[in-house]
Structures are given as C-alpha cells and as structure tokens.
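Novice: Sequence and predicted model, in that order:
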Amino acid sequence: MKKQVAVIGLGRFGVGLANTLLDMGYDVLALDVDEDRVQAVASQVSRAIHADATDEAVLRGLGIDKFDVAIVSMGSDIEHSVLTTILLRKLGVPLIVARADNELHGTILDKIGADKVIYPEREMGTRVAHGLMLTNVLDYMSVDPSYGLAKIVPPGSFVGRTLSELGLGPQGRWEVAVLLIRREREVIIGPDRMEVVRPDDILIVSGSDVHLEQLMAEARKSAREEDEEED
C-alpha cells in the first residue's frame, strides 16, 4: 500500500514537494485555502482540496489522522503554520514536517509538536553558495558549517585512474571519502579504492569544504596542464 502524504500549503515550495513525492510513488493530498492554487495542481497530485487547514473539523473530515506524513509547507503565514501544526499533532498524525522561515518560527514549530523543521531558503542558499565556490559540484548538502556531501563530475584527469591513485578515501591525500559511484544504471556503494573512474561516472563524496575545494583546484590544474601539453 502506498504511503499517504498530505502537503498543506501550495506555494512554489509546496507544489514542487507534492510533485516530487508523487513521482516517488507516494499517494499525495495537496491542500490550500487558495482555490486557484488548488486548481493549478489538481492534475499533478492524487487529490487536491480547497480547504482551511486551521479548521479542525476539516482535517477530521479528510481523515488526516490516517496519513503517514503531513507536511506544513506554508512559510510566511506563521499564524496558519503554527495553528495547523498544533491541530495535526492533536489529531495524531504520526510524522509532522513543518517549514520555517526563520529561527524563531522554527523554535515555535519544534515546541508545539513538529517532528522535523526545515528551512528551505536557508538550505538552498547554502547549496547555491557551495555550488558557486566548489566548481564541478553538481549538488551539495551541508552536514556541518564546514563539512558536507558533494555530487561531482570527475574531471578528465580522474578518468582511467583508481581512487587510490587519485588520493581519495578517508586516509588518502585529500581526506575526501567516496561514498558511492553512479555509473549509468548501476550504483556502487562504498567503492573499493582500486575502483577505476570511468567517463560519465558521478561521484558522491564527503569531506571538509577546504579539502573538497583543494581537490577540485588540483583537478582543474591537471586539466590545464594536459591541455597545454596537447597544444
């Protein structure tokens, strides 16, 4: 049976979330007080409902307590966000995820019963900043202010060489671990250090921001030197 997820609040973040969850195979209920927003997303989710999530009777009528997860995705409307979260907890939703716009909003949501509080704007800003500073990085997730996971396209100088030769791994020259390699339809988890990097591989690596940037800088330098030799 598909897991049921309710997405409450259909701004750009909520719509994107609902679409992605549906693509992942979940049964998605989308709910908003704005009828135009509901109509716009109706064909993209399992069910779209025009209703006020701060009305307890409405939530009961929807059987919200039977849902596996409820995501409160409105951010700027703090009052509605807080009231909705309180009602979801009162009605016994097993897992409540709530979006916050700032630390105070997040603290309130945490205190009133949200199981997980997310900060989309802040997280996106972090990812964009690291994407700008760490070239060749397709995506980035911060684990600590100065440490994270990065999805990288191996530069040409990596291809045909083993992870060991490249100095990758917790004990390697760069102190950057390769967690997995995505190779066409195959995913290699915890690859051996003797694994050879192939063209079109995607590497998921972890390390400090400093070490990640040093690794990428060295790769760029090697690529330039190779180009100069060919010329």
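Specialist: Okay, I see it.

Novice: For stretch 88-95, which residues meet the burial criterion?
Specialist: Leu88, Leu91, Val93 (16 or more other Cβ atoms under 10 Å). C-beta here means a position set from N, CA and C on the backbone, and glycine is covered the same way.

Novice: Alpha carbons of that stretch, as CSV, please.
Specialist: The C-alpha trace of stretch 88-95 is given here as CSV (Å, rounded to 0.1, in the frame of the first residue of the first chain):
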residue,chain,number,x,y,z
LEU,A,88,-2.1,17.9,13.2
ARG,A,89,-0.4,16.9,16.5
LYS,A,90,-3.7,17.0,18.3
LEU,A,91,-5.3,14.7,15.7
GLY,A,92,-2.4,12.2,16.0
VAL,A,93,-0.6,12.4,12.7
PRO,A,94,2.5,10.1,13.1
LEU,A,95,5.0,12.4,11.4
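
Novice: which residues touch that stretch?
Specialist: Outside stretch 88-95, the residues that touch it by Cβ atoms under 8 Å, 6 or more residues apart in numbering are 6, 56, 59-60, 64-65, 67-70, 72, 96, 112-116.

Novice: just for the protein, where's the confidence low?
Specialist: Applying pLDDT under 70 to the chain flags the ranges 125-136, 145, 222-231.

Novice: The residue nearest the centre of the chain: what secondary structure?
Specialist: Most central in the chain under Cα atoms, centre = their mean is Met141, positioned 7.6 Å from the mean C-alpha point. Three-state assignment for Met141 (DSSP: H, G, I helix; E, B strand; the rest coil): strand.

Novice: For it, which non-adjacent residue is spatially closest?
Specialist: Spatial nearest neighbour of Met141, excluding adjacent residues (Cβ to Cβ, 6 or more residues apart in numbering): Leu149 at 4.7 Å.

Novice: A strand includes that neighbour, no?
Specialist: Yes. The assignment for Leu149 (three-state DSSP) places it in a strand.
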